[in-house]
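**Q** A structural model of the following input is requested.
(3 chains, ligands or ions: 8)
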Amino acid sequence: MNRRDFIKIGGLGLGGLAMANPIFDWATGAVLTEADLQQTFNKIPTYCEVCFWKCAGWAHLNEKGDIWKLTGNDNDPHCNGRLCPRGTGGVGMYYDDDRLKTPLIRTGERGSQSFREATWDEAFDYIAEKMQKIAEEYGPECMALFSHGSGGKHFGRMLKAFGSPNITAPSYAQCRGPREVAFFATYGEGIGSPERVDIRDTDCLVLIGSHIGENMHNGQVQEMSDAIDKGATIITVDPRFSTAASKSKYWLPIKPSTDMALLLSWIHVIIKEEWYDKKYVDKYAFGFEELKTHVKDFTPEWAYGITTIKPNVIRKTAKEMANASPSVIVHPGRHVTWYGDDTQRLRAVSILNALLGSWGRRGGFYNPEKYKVAKLKLPKYPKPNKSWRDAFPDQYKLAGLALASGICDATIPTDERDCSFKGWIVNGTNLISTLPNPKNTLEAIQNLDLMVVIDTMPMEITGWADVVLPECTYLERYDNLRVSAHREPTIALRAPAIEQKYNTKSAWWMAKELSNKLNLKDYFPFETEEEELDWQLKQIGSSLKEMNKIGVKKFDRKFDDLYPLENLEEYEFNTNTGKIELYSTAMEDEGYDPLPKYTAHDEPPDGFYRLIYGRAPMHTFSRTANNPNLTDLMDENDVWINPKVAKEWGLKNNQEIWLENQDGVISSFPIKVRVTERIRWDSVYMVHGFGHTNKNLSRAHGKGASDAELITKTKIDPIMGGTGMRVNFVTFHTELPTQGGA
Amino acid sequence: MIEELIISGRMNPEIDPHLHAWPWYVPTDLFLAALVAGILIFSAFLTLHGRENEFPAAVKRAPILAPFLLGIALLLLFLDLSHKLYFWQLYTNIRWTSPLSWGAWTYLFLTPLAFIWAAIHIKTAFPNWTWPYKWIDTFIESLKGYRIWFAWAILGLSLTLGMYTGILLSAFNARPIWNSAIIGPLFLTSGLTSATAFILLNCPKGSNEKKLFCTVSLISLGVQTFLMIHLVMGYLSSDLAQVKAADLFLGGEFTTLFWILIVALGTLIPAYLHILYLKNIKIPVIVPSILIILGGFFLRYILVEAGQISHW
Amino acid sequence: MRYAMAIDTKKCVGCSDCVVACQTENNVPIGYCRDWVVEATSGTYPDLSMELRSERCNHCTNAPCVRCCPTEASHIVEGGIVLVDPDQCIGCKACIASCPYDARFVHPEGYVDKCTFCIHKVEKGEDPACVEVCPTKCMYFGDTDDPNSDISKLLKKRKWKTLIPEAGTEPNIYYLI
Ligand SMILES: Nc1nc2c(c(=O)[nH]1)N[C@H]1C(S)=C(S)[C@@H](COP(=O)(O)OP(=O)(O)OC[C@H]3O[C@@H](n4cnc5c(=O)[nH]c(N)nc54)[C@H](O)[C@@H]3O)O[C@H]1N2
Ligand SMILES: Nc1nc2c(c(=O)[nH]1)N[C@H]1C(S)=C(S)[C@@H](COP(=O)(O)OP(=O)(O)OC[C@H]3O[C@@H](n4cnc5c(=O)[nH]c(N)nc54)[C@H](O)[C@@H]3O)O[C@H]1N2
Ligand code: SF4
Ligand code: SF4
Ligand code: SF4
Ligand code: SF4
Ligand code: SF4
Ligand SMILES: [Mo]
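**A** Ligands and ions are numbered 1, 2, ... in the order given. All right, here's what the predicted structure looks like:
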């Protein structure tokens, strides 16, 4: 191998961030006329890919034809014309000159970061050959797709055609899986995304952990603001004084990991005081008496000892909810994989909502509707012989979707397991910072015969790939229509605002070309994305031309059932009993507790603090950490430490420290201390997504610390396999300790 | 009381973490301008009183350097501009509310006058001086007849310049440290003190002029000290922002600089040396003079720096 | 006419969308900003309160930056908007020193820059970019001279404050508290 073969990812191709020049001339008077010109510039419809709220908006071009700014589409219920800071800063995804620029094929050891530039054809040949070999030797099911983002649909089509059902996203077992399972068990329906919560019309919003305002899921932030305007009561349960807590009438500074006790106690009070919606419960609920007996002893006094929340506060907040009933939302949250008993905790949330009669009611949970878009006419997918489930006999029986962590674990061969995965396609998910315990993820990767990564940036995961395929950003491509369930059904178009920069392509194109090489041509019957979209749109009486002009198309609801239980209408739930199952027969059938129980969780040992984490409003996970516009707002995370703890340790604001967890793992980089009253003394807090180790991220490398790296322990939810990640404890080092540590 | 105040996302160069828009150019410019103003005030004032021959150093020798110092001051002012090519815009407007504007106009008129004033006196300072062209000589000689008129103009403009150096800062009530009416008189006095030190450097050994200027210098130092005490007392008796600001001198970042460079080395020690000199103890005049001049510079340096840091 | 902004601190979540929107709308170079967010927390755990607010040039009625500008580069236009004309600005930075809010900065091209109240949009009857984007709709823009404007009504109805009133600048950005 010669020197030229060592080419660093990201250091390739043409560089140069070509920021647009000022549009208007400042000489007085000229301001207007120049600005008027802007209107004649183009705006192209898109929907945002900086997170998965998928707001529809417009990409505006400047007079030079470069991307100038992004704005929301007024007709879009996800954003109501206003993008969030990450969406507005989405321009930085396009302008980031650290982007991946051309396909790469690994030349050195896996993870050694040595690659050579390749043509697309070479890259596809390489992948197709390896995939076919895996199929021959182990079966096509041994290929898995990890994906978070639009490209997953295209690669998913390819993989299903290839014969594998193992398509997974971290947004299930690391995110909202427990919530979906819990609500399904109770109501026969999940929560979905965007969440079906009627925040704008509510009188009382209860947030348990959900840190809306920092969690910047656009529609919810907007609606929470509407609710504040209307004087709704907000109750926030969080060990940290979150932004939402600062807007709340009641902030319950709970001891972390004890939420179940609070929930059970609220249920106890509401039943005992007979504050529940009797008619609603009588009509719709199953298992009320069992529940009543079950919570008999969970008094506020009992909960006080566990949660540190005073009994009178528990009673008062329960009363607030009851007063607002049914216009009350005990928010199910979204990232809920905390302590391993998460499905049960969310069951308690769903039960509390049922007692308050909020499901199917105005100001509670509405019934979303999705528009049916014509499916492409494709040949039948082959029937797979095995799936990821075979790796976990009798475990996680209620998991509704594939577990990213499960597939990762099943890739590491053991004596009991023969269904090891041999090939991964990883699209738009930085598994190193997304799955807990990166060491485990890397061990799995070392066992692979093929690892393909499709990404836009030289993230950690790309360094471990055999083949890196550079995707263009969402501003440079078409994708599937966004068909979302909301109060009104809508579809939205993403069209390329600008030509593909560097030698990058769309996931659709990659999946199609790769399918050709795999002799699966028929699954991509159209030559171009335009044709595919236009065909699909024409089936519903629209066209690409129309959608290019409007971006978002609204449809009328088929049924007038936004609040189907508003007036105690007849209703059959999709559960075994046809009722709201306070007592879950499905859980019981599978051998899980039919009613949620409180279990105590481990507490931090002396000198250690619970590591809790969350979001900063201007960043999305690890994906925006190098975005020039967004790093301008926040370029590193810090570790929040209560002043009492800081004093004990002699720590000062902005001092750099290293964190070490209970397993002796030390953060790769130091992190700055933020001494703040906003965090409890038994915990520390940091924003997820920083501490990047890939040197090709010129802005993000070495900035802050990675929470994922310190999450080496997880508590797996026995019901659906979620990875509880808030069970790790850290201590501080003011100097980098020699590895192995205390 | 606010426990924690975080300004997020703002990292404008020279503004954050605290204002530093004006580097050393500005205090140096202010210092030189005040020094020149002081020199020219003494020279013009004594001329108008017809005491030119009693005070040859103050009236004739010291002003020779004035135009060059003024030139340096102007250059520094120019160097500090971040949009230099547009500097001529200074002279398309007269803005009475802007000290910088009338400061700039003062420079514009005073600089040629200072050159003329130096030219008129150059032959006294350097008896061997000859002009390269005869006509210059004739021209300068002819100007001598208007000396009194020049002196009036120079006196007026120098006073303006001296005041400008103080008012430039005290006009900004955005910065608690600058927000004091004492800064104007203080800077003017300090300019005069520095000028006495400068003149002392030009006085012949043991001359009467030297003795007299030593006395003037001493008085001027006294007034200056009085004003400085008032400045600090003023901060302390004012609102919270100024009390906090005064902390910069009384225990904060600038304490050592202020007390050692300005109070001790720049004021008390030279005053003591002056007293010794007046008591006929031999002191090389260069020592108190340089100390005073440095003290004058640091006074402005510290006030400009601390002023930028101080905020509401 | 008196343009002004009112920002509801009860709704602002400190997300900085107003900052990015300003940056892209006005091509504010990376590393600079015309607006920013302040987070002020007081109390001790768990008795805490926090105010979040978006700040920018206050377009002061009694603007020291305009008074101290030697060239008239800093000037006030119809509606009370304080602007800087880059072609007249010499970059003396007097205005920067004179602003109690640190609202101005030197643009990399040398002239002084700051919030323009998005005059290019306002002249077309639109809201400034930051107001338009704010996801919590906590920012209001309008004419306080017109008693029927939304902002006037809001200021009548709600309690408000301005920043550093002691500085005597008579700011035109109001914080609803
Ligand atoms: N800006 C931004 N917004 C985002 C995202 C992003 O990356 N950036 N990601 C989106 C996605 S995919 C998701 S899933 C959501 C996640 O957002 P949420 O669903 O709101 O996530 P949580 O894990 O509930 O939020 C973290 C909060 O939980 C608190 N917490 C920690 N431990 C405990 C505990 O034991 N009990 C209680 N009651 N609270 C606790 C923390 O202090 C913190 O305030 O955010 C979405 N929105
Ligand atoms: N420790 C810890 N782990 C967590 C969480 C946490 O809070 N803490 N949160 C969990 C939650 S709630 C979720 S939903 C998941 C999220 O997990 P991920 O979605 O995996 O999060 P990111 O780290 O943002 O990784 C996204 C990757 O997609 C790439 N990318 C961005 N845009 C595109 C594109 O257009 N095309 C392609 N091909 N790639 C693109 C980015 O460069 C980046 O490498 O993480 C979970 N894991
Ligand atoms: S919430 Fe923000 S980042 Fe997410 S899709 Fe909408 S605009 Fe984009
Ligand atoms: S965009 Fe709105 S909510 Fe966000 S920081 Fe600015 S003013 Fe506050
Ligand atoms: S805020 Fe500052 S820049 Fe804006 S008008 Fe007031 S003083 Fe001038
Ligand atoms: S920097 Fe420019 S705008 Fe500011 S005072 Fe000087 S000339 Fe005026
Ligand atoms: S009004 Fe315009 S220029 Fe001023 S901060 Fe808002 S977006 Fe920026
Ligand atoms: Mo998530």
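**Q** Would you mind confirming that B:Pro13 is in contact with C:Phe105?
**A** Yes. At 7.1 Å, B:Pro13 counts as touching C:Phe105 under the criterion of Cβ atoms under 8 Å. Placement of C-beta: from N, CA and C, glycine included.
**Q** Find residues that contact each of these two.
**A** C:Tyr32 (Cβ atoms under 8 Å, 6 or more residues apart in numbering or on different chains).
**Q** and those two? which has more neighbours close in?
**A** Counted by other Cβ atoms under 10 Å in any protein chain shown, B:Pro13 and C:Phe105 do not tie: C:Phe105 has more neighbours, with 23 against 12.
**Q** Tell me the buried residues in stretch C:64-82?
**A** For stretch C:64-82, a neighbour-count test (16 or more other Cβ atoms under 10 Å in any protein chain shown) marks C:64-75, C:79-82 as buried.
**Q** For those, work out which two are farthest apart.
**A** Across the buried residues of stretch C:64-82, the longest distance by Cβ to Cβ is 24.5 Å; it joins C:Pro70 and C:Gly79.
**Q** Show me which residues of the stretch 451-600 of chain A are close to ligand 3?
**A** Within the stretch 451-600 of chain A, no position is near ligand 3 by Cβ under 6 Å from any ligand atom.
**Q** Against C:Cys22, how distant is the spatially closest residue to A:Leu100 that is not a sequence neighbour?
**A** Among residues not flanking A:Leu100 along the chain, A:Pro470 sits closest, at 3.5 Å (Cβ to Cβ, 6 or more residues apart in numbering or on different chains). Counting by Cβ to Cβ, to the nearest Å, the separation of A:Pro470 from C:Cys22 is 31 Å.
**Q** So which of the two has more stuff around it?
**A** More neighbours surround A:Pro470 than the other of A:Pro470 and C:Cys22, with 30 against 26 (other Cβ under 10 Å).
**Q** next one: phi and psi at the more buried one?
**A** Note on A:Pro470: its backbone torsions stand at phi -80, psi 120 [degrees, to the nearest 10].
**Q** what does A:Tyr47 give?
**A** The phi/psi pair for A:Tyr47 (degrees, to the nearest 10) is phi -130, psi 150.
**Q** May I have the beta-bridge partners of it?
**A** Beta-bridge partners for A:Tyr47, by DSSP bridges, are A:Ala56.
**Q** can I assume it is in contact with A:Arg482?
**A** Yes. Counting by Cβ under 8 Å, A:Arg482 is a contact partner of A:Tyr47 at 4.9 Å.
**Q** what residues are shared contacts of these two?
**A** A:54, A:56, A:492-494.
**Q** Return the two entries of the residues you listed that lie farthest from one another.
**A** Spanning the widest gap among those are A:Lys54 and A:Leu493, at 11.8 Å by Cβ to Cβ.
**Q** Let me see the contact set for A:Lys713.
**A** A:436-437, A:661-663, A:727-728.
**Q** rerun at 7 Å
**A** A:662-663, A:727-728 (Cβ atoms under 7 Å, 6 or more residues apart in numbering or on different chains).
**Q** same deal with B:Ser158?
**A** B:37, B:40-41, B:44, B:110.
**Q** ok so, going back, quick one: which of A:Lys54 and A:Leu493 has more around it?
**A** Higher neighbour count among A:Lys54 and A:Leu493: A:Leu493, with 27 against 21, using other Cβ under 10 Å.
**Q** what about the helices in chain C?
**A** Secondary structure of chain C by DSSP state H: the helices cover C:17-25, C:64-67, C:94-98, C:119-122, C:129-133, C:150-157.
**Q** out of those, which comes closest to B:Tyr146?
**A** Nearest of those (Cβ to Cβ): helix C:94-98, 35.4 Å.
**Q** Run a quick neighbour tally on C:Leu163.
**A** 18.
**Q** Check A:Pro643 too.
**A** 18.
**Q** Report the separation between it and chain B.
**A** When distance is defined by Cβ to the nearest Cβ, to the nearest Å, A:Pro643 is 9 Å away from chain B.
**Q** try C:Gln88
**A** Counting by Cβ to the nearest Cβ, the gap from C:Gln88 to chain B is 5 Å.
**Q** which phi and psi does that residue have?
**A** phi -110, psi -10.
**Q** now it, nearest residue through space, not along the chain?
**A** Leaving aside its chain neighbours, C:Gln88 sits nearest to C:Ala73 (3.7 Å; criterion: Cβ to Cβ, 6+ apart).
**Q** Is that neighbour in contact with C:Cys89, as I believe?
**A** Yes. Checked against Cβ atoms under 7 Å, the pair C:Ala73 and C:Cys89 is within contact range at 3.8 Å.
**Q** check contacts around the residue in chain C positioned nearest to chain B.
**A** Distances between chain C and chain B by Cβ to the nearest Cβ are smallest at C:Gly91, namely 3.1 Å. Applying Cβ under 7 Å, 6+ apart to C:Gly91 gives the contacts B:81-83, C:106, C:110-112.
**Q** Repeat the analysis, applying 6 Å as the threshold.
**A** When contacts are counted by Cβ atoms under 6 Å, 6 or more residues apart in numbering or on different chains, C:Gly91 touches B:81-83, C:110.
**Q** B:Ile309 now?
**A** Going by Cβ under 6 Å, 6+ apart, B:Ile309 touches B:His18.
**Q** follow-up on the earlier one: with distance to ligand 6 and mean pLDDT as extra columns, can I get the helices of chain C in TSV?
**A** Putting the helices of chain C into TSV (distance: least, Cβ to the nearest ligand atom, whole Å; pLDDT from 0 to 100) gives the following:
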stretch	distance to ligand 6	mean pLDDT
helix C:17-25	19	98
helix C:64-67	7	96
helix C:94-98	3	96
helix C:119-122	16	96
helix C:129-133	22	98
helix C:150-157	28	96
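**Q** CSV for these, including distance to B:Ile260?
**A** Output for these, formatted as CSV (distance: least, Cβ to Cβ, whole Å):
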stretch, distance to B:Ile260
helix C:17-25, 43
helix C:64-67, 34
helix C:94-98, 27
helix C:119-122, 50
helix C:129-133, 48
helix C:150-157, 52
